[in-house]
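Trainee: Below are the sequence and a predicted model for it; my questions follow.
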Amino acid sequence: MRASYLTAYGGNEVVSSGELPDPVLSEGTSLIEIKAAGVNPVEPAMRAGGFQRVLPYSFPQVPGFDISGVVREVSGPSQFKAGDEVYARMANRAPGAYAERAVVANDLLAKKPTKISHIEAASLPTVALTTWQAFFERANLKKGDRILIQAGAGGVGTFAIQLAKHFGAHVTATAGTANQAFLKELGVDVAVDYTKQRFEDFGPFDVVYDGVCGELVERCINTLAPGGRYVGLVMVSDARAFMSLGLPEAMAKGAAAGIAKYEALAASRGAEFHGPLTRPDANQLAEIAKLVDDGIIKPHVRQVFGLNQLKEAYEAVATGRTRGKLVLDTSKLV
């Protein structure tokens, strides 16, 4: 099969494209003909080895987690059969989205939203599950909550704004000057131009959903109201997140030692700090598909690349300036 893959840990020089052996079906899995695969901002850090302690690669490694495609063969019990259109977030320890075919555990597959294309569907799994789990498993988002969404025009942000509005939150979101009108189109109550304004001036907030992190973490925590909940997505994983990957509690606490100062800062304000990692969940994807088919959530795809253009996609996502999601069309070579 044709695939884009990594030959080692490193920069874009380790990204290659060509023929690899077909994946092998095993009990409890399905062979999926991948039509499209979504690209996520965390992947360049994974390519560089930033997660190799907990999510090691075996080279040549086909990266990528988000797929939309067609079932071609099934082994073991499954609600799906050959010919069904599905989408999925592949297992954290078993990526493989940037290829013509992949073997995926049956219990990770969900019915693809019927009213959108494979390209659009492939843009959803990670951003949708990340946000769903952050809002309802960590932040306990409620109707009437005031939420700040950092990087509102990005892949995670565009989904988060729509979901938060659907559940009755008051949404403030940040973006650059060029994306202010886009934020309004997404339905935000307050659009903040981070090049000209300080988001702190629009608080306090009950929830902060931070897709930027870095130097913003402490600033975001300091905007929380008493009882507020901060959720960070970029290199601020907490012990609970590492334990979800199978690390023993002691190791998980060690891996998360760097965020202790943020947990303490949040506690000092009577607030909570959360640093989750995304978990594949077919039941949640099924709920999300209903929202998409009902017109409540609209995917936003910024650019589509060919299967052999993973280098270019990684270069684009690394800028941190993309509006919406980037997707590989796995049926196309450029």
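Mentor: Now that the structure is in, tell me what you want to look at.
Trainee: and the gap between Leu148 and Asp107?
Mentor: Distance of Leu148 to Asp107, given as CB to CB, to the nearest Å: 35 Å. For the C-beta atoms, the positions are set from N, CA and C on the backbone; glycine is no exception.
Trainee: swap that for Ile296, please
Mentor: 26 Å.
Trainee: now the lengthiest strand in the chain: how far from the chain's centre is it?
Mentor: Taking DSSP state E as the criterion, the chain has its longest strand at strand 29-39. Remark: strand 29-39 is offset 16 Å from the chain centroid, using CA atoms, centre = their mean, to the nearest Å.
Trainee: That one - contacts with which helices or strands?
Mentor: Contacts defined by 3 or more CB pairs under 8 Å, 6 or more residues apart in numbering; DSSP states H and E place strand 29-39 against strand 66-74, strand 85-89, strand 101-105, helix 118-122, helix 125-133, helix 310-318, strand 325-329.
Trainee: re the thing from before, pick out whichever of Leu148 and Asp107 has more residues nearby.
Mentor: Set Leu148 next to Asp107 and count neighbours by other CB atoms under 10 Å: Leu148 wins out with 28 against 17.
Trainee: so that one bridges to which residues?
Mentor: Beta-bridge partners recorded for Leu148 (DSSP bridges): Thr172, Val208.
Trainee: That one against Asp201, yeah?
Mentor: No. Assessed by CB atoms under 8 Å, Leu148 is found out of contact with Asp201, at 11.4 Å.
Trainee: Overlap of the contact sets of those two?
Mentor: Shared contacts of Leu148 and Asp201, defined by CB atoms under 8 Å, 6 or more residues apart in numbering, are absent.
Trainee: thinking again about what came up before, out of the helices and strands packed on strand 29-39, nearest to Gly227?
Mentor: Among the helices and strands packed on strand 29-39, helix 125-133 comes nearest to Gly227, with 20.3 Å by CB to CB.
Trainee: Check which residues of the closest one are buried.
Mentor: Residues Pro125, Thr126, Val127, Ala128, Leu129, Thr130, Thr131, Trp132, Gln133 are the ones in helix 125-133 that count as buried (16 or more other CB atoms under 10 Å).
Trainee: Looking at those residues, spot the one nearest Asp281.
Mentor: Each of the buried residues of helix 125-133 was scored against Asp281 by CB to CB, and Leu129 proved nearest at 5.9 Å.
Trainee: what's near enough to touch the closest one?
Mentor: Neighbouring residues of Leu129 by CB under 8 Å, 6+ apart: Arg89, Thr278, Arg279, Pro280, Asp281, Gln284, Leu285, Ile288.
Trainee: same thing with Asp281?
Mentor: Asp281 neighbours (CB under 8 Å, 6+ apart): Arg89, Leu129, Trp132, Gln133.
Trainee: Just the pLDDT at Leu245, thanks.
Mentor: On pLDDT, Leu245 comes in at 84.
Trainee: isn't it right next to Pro56, touching?
Mentor: No. In this structure Leu245 lies outside contact range of Pro56 using CB under 8 Å: 11.3 Å.
Trainee: Between those two, tell me which one has more neighbours.
Mentor: Counted by other CB under 10 Å, Leu245 and Pro56 do not tie: Leu245 has more neighbours, with 16 against 11.
Trainee: Find the nearest non-adjacent residue to that one, please.
Mentor: Excluding the flanking residues, the one nearest Leu245 by CB to CB, 6 or more residues apart in numbering is Val54, at 5.2 Å.
Trainee: picking up where we left off before, quick one, which of the helices and strands packed on strand 29-39 is nearest to Ser26?
Mentor: Among the helices and strands packed on strand 29-39, the nearest to Ser26 by CB to CB is strand 101-105 (6.9 Å).
Trainee: what about the strands in the stretch 101-250 of the chain?
Mentor: Remark: strands assigned in the stretch 101-250 of the chain by DSSP state E, counting those that start in this stretch are 101-105, 109-111, 146-149, 170-175, 190-193, 205-210, 224-232.
Trainee: between the fourth one and strand 205-210, how many degrees?
Mentor: Which is strand 170-175. Between strand 170-175 and strand 205-210, the angle comes out at 30 degrees (axes from the mean of the first three to the mean of the last three CA atoms, to 10 degrees).
Trainee: domain ranges for this structure?
Mentor: According to automatic domain parsing, the chain is divided into the following domains: 2-124+300-329, 126-274.
Trainee: For the residue of the chain most remote from its centre, give its distance to Ala241.
Mentor: Note on the chain: the largest C-alpha distance from the chain mean falls to Ser268, namely 29.6 Å (CA atoms, centre = their mean). Distance, Ser268 to Ala241, using CB to CB: 22 Å.
Trainee: Could you do Asp206 as well?
Mentor: From Asp206 to Ala241 the distance is 22 Å (CB to CB).
Trainee: And for Arg138?
Mentor: Using CB to CB, one obtains 10 Å as the distance from Arg138 to Ala241.
Trainee: what touches both of those two?
Mentor: Counting by CB under 8 Å, 6+ apart, the common neighbours of Arg138 and Ala241 are Pro276.
Trainee: Sweet, I'm off.
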